[in-house]
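Undergrad: the following block contains a protein sequence and its predicted model.
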Amino acid sequence: MITVGVLGATGAVGQRFVQLLADHPWFDLGVLTASERSAGKKYRDAVNWRLDVPFPEGAGEIVVSPTTAAAVKDCDIVFSALPADVAGKTELEVAAAGVGVCSNASSHRMDPDVPLVIPEVNADHLGLIDVQHDRGRDGFIVTNPNCSTIMLTLALAPLQPLGFSGVQVATMQAISGAGFQGIAGMEIFDNVVPFIKNEEEKMETEPRKIMGTFDGAAVEPASFSVSACCNRVPVIDGHTLSVWLDMDRSLEEIRRAFEEYVAPFSGLPTQPAKSVEYLKQPDRPQPRLDRNRGNGMTVSVGRLREGPRFTALGHNTIRGAAGASVLNAELIYKEKYL
């Protein structure tokens, strides 16, 4: 078994990590960290469990540690659910201590030697781990993209062989993406907030790195452009995207690419049977009906029509956050980077 830990285990994404790792077939959850006010308590006493799944009793007895490199020195991999302003320094310290970091934070996503990975799309970018080692880092950092970036890029993956020059996307993002305390009820109820700090910038840069070309030393970004408008809407879980493409292909070619898409990996415990699922109903996908497909790891696409344009949807705290990091760690283990 691979010993793993979670940095920032009491927050929204941290709780998802604990849920997904508590009974994982490959990983043994041994260390949980949080703020100083939680350190020293058993996890069951430190956390206010808010997920719509039962509390994982096996994790409840773990004593929470402070968030330091020393706390996780005996782990093979740690999963970072830290806020970006804390993650940057802490993740570097953990990686320098010889531990692998699978991070959901944005701090290092665009670092030239840090892979920004969606296993079904750019598994070869894990080669940047070797670049990090060559530069003297004992451990490594691997990041997963922004939640909406993951939905967009996975939806684009079946279409990449067809070619496209530009992407326009408008998002309708769930409030859980802002964390448990991230947005006040009076601000979002009966409302749409047409601004999410730094979200559009992430969506306009991250897909080009993910779908870029790795030459063994660096990633050359893909040549297509992305223009994004991001909105917060009163939905609990599930980010919905309206996507327009600049491409010269028929709707039938695009539909066939979606329907025939088969993800290039199998045997990873967290990977769903269908990473991308095309829905034929004219009013789908919808968050309440479709966010939990593939245990929350499937991205649903539908409403394909002239433009070409379509709608995509995914669970933002599972596929878009904790589940994405766990899937990355499974691939790292399978590819023998530990």
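TA: Looks like it arrived, so ask away.
Undergrad: part of a strand, is Ala263?
TA: No - judged by DSSP: H, G, I helix; E, B strand; the rest coil, Ala263 forms no part of a strand; its state is coil.
Undergrad: identify the residues contacting it.
TA: Counting by Cβ atoms under 8 Å, 6 or more residues apart in numbering, Ala263 makes contact with Glu120, Gln271, Lys274, Ser275, Val276. Every residue, glycine included, has its C-beta placed from N, CA and C.
Undergrad: what's the closest of those to Lys42?
TA: Gln271 (32.2 Å; Cβ to Cβ).
Undergrad: in contact with that closest one: list those residues for me.
TA: By Cβ under 8 Å, 6+ apart, the contact set of Gln271 is Pro119, Glu120, Ala263, Phe265, Met297, Leu327, Glu330.
Undergrad: now swap in Gly216 and tell me
TA: Gly127.
Undergrad: do the same with Ser107
TA: Neighbour list for Ser107: Ala84, Ala87, Gly88, Glu91 [criterion: Cβ under 8 Å, 6+ apart].
Undergrad: so the third one sits against Ser106, correct?
TA: No - using Cβ atoms under 8 Å, Gly88 is not in contact with Ser106; the gap is 9.1 Å.
Undergrad: okay, buried residues for whichever strand or helix holds Cys229 please.
TA: Element membership of Cys229 [criterion: DSSP states H and E] is strand 225-232. For strand 225-232, the neighbour count (16 or more other Cβ atoms under 10 Å) marks Val226, Ala228, Cys230, Arg232 as buried.
Undergrad: what do you get for stretch 96-104?
TA: Buried residues in stretch 96-104, counted by 16+ other Cβ under 10 Å: Val99, Gly100, Val101, Cys102, Ser103, Asn104.
Undergrad: the residue lying farthest from the centre of the chain and Pro308, how far apart?
TA: Most distant residue from the mean C-alpha position of the chain: Ser250, 30.7 Å away (Cα atoms, centre = their mean). According to Cβ to Cβ, to the nearest Å, Ser250 and Pro308 sit 9 Å apart.
Undergrad: same deal with Thr67?
TA: Going from Thr67 to Pro308 by Cβ to Cβ gives 45 Å.
Undergrad: try Val114
TA: To Pro308, Val114 is 33 Å away according to Cβ to Cβ.
Undergrad: more neighbours: these two, which one.
TA: Between Val114 and Pro308, counted using other Cβ atoms under 10 Å, Val114 has the larger neighbour count: 25 against 20.
Undergrad: contacting residues for the more buried one?
TA: By Cβ under 8 Å, 6+ apart, the contact list for Val114 reads His108, Leu128, Gln132, Ile141, Val142, Thr143.
Undergrad: among those, which pair sits farthest apart?
TA: Gln132 and Thr143 (12.0 Å).
Undergrad: who has more neighbours out of these two?
TA: Ranked by neighbour count (other Cβ under 10 Å), Gln132 and Thr143 place Thr143 first, with 27 against 19.
Undergrad: touching, that one and Asp113? I think so.
TA: No - between Thr143 and Asp113 there is no contact under Cβ under 8 Å: 11.4 Å.
Undergrad: and Gly14, what helix or strand is that in?
TA: With DSSP H and E as the test, Gly14 turns up in helix 12-21.
Undergrad: just want the angle from the helix or strand following that helix to helix 12-21.
TA: Scanning forward in sequence from helix 12-21 by DSSP H and E, the next helix or strand is strand 27-34. On the basis of axes from the mean of the first three to the mean of the last three Cα atoms, to 10 degrees, strand 27-34 is oriented at 160 degrees to helix 12-21.
Undergrad: got the buried residues for strand 27-34?
TA: Applying a neighbour-count criterion of 16+ other Cβ under 10 Å, one finds Phe27, Leu29, Gly30, Val31, Leu32, Thr33, Ala34 buried in strand 27-34.
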